[in-house]
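A.B. asks: predicted model and sequence below, questions to follow.
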Amino acid sequence: MTILDSKPNELLTIKIEFLKPFAATNQITFKIHSAPNGSEVHWIMEGERGFAAKAFGLLVNMEKLVGKDFDEGLANLNKAAQGAG
C-alpha cells in the first residue's frame, strides 16, 4: 500500500496492489464527512477489471468473500476514531 493523499478529518487515498487471486492495482479513498452523531466514512475502491476479474465477480459472491473483512476494518476504524484502538 502507498499513501497518495491525506487531509486530516477529510480524506485518505491509498494505492493498493493485489497479488492474489489475480494481480490488480486499485485506488482506495476514505472520505470523511460530519454526521449528526459523529462522522460518516465512505470507503471507495476504484480500478480496472479485466475479463478474468469480471468473470470472477460473476461466479463468486464477493460479499461472502470480503464482506467480513470490510466489516472488521470499519469496526476497527470506529474503535480507533473513538480512541479505543
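C.D. replies: Thanks, I have the structure now.
A.B. asks: going forward, measure contacts and count neighbours with C-alpha atoms only.
C.D. replies: Fine.
A.B. asks: now the helix or strand where residue 79 lies: average pLDDT?
C.D. replies: Under the criterion of DSSP states H and E, residue 79 resides in helix 62-81. For helix 62-81, the mean per-residue pLDDT is 84.
A.B. asks: quick one: contacts of the least confident helix or strand in the chain by mean pLDDT?
C.D. replies: Taking all helices and strands of the chain together, the one with the lowest average confidence (mean pLDDT, DSSP states H and E) is helix 51-59, at a mean of 78. When contacts are defined by Cα atoms under 8 Å, 6 or more residues apart in numbering, helix 51-59 is touched by residues residue 22.
A.B. asks: that one vs helix 62-81, what angle?
C.D. replies: Angle of helix 51-59 versus helix 62-81, following axes from the mean of the first three to the mean of the last three Cα atoms, to 10 degrees, is 90 degrees.
A.B. asks: hmm, back to that, now do the helix holding residue 79: distance to the chain's middle.
C.D. replies: The chain centre lies 9 Å from the centre of helix 62-81; the measure is Cα atoms, centre = their mean, to the nearest Å.
A.B. asks: go ahead and confirm residue 10 touches residue 31.
C.D. replies: Yes. The pair residue 10 and residue 31 passes the contact test of Cα atoms under 8 Å, sitting 5.9 Å apart.
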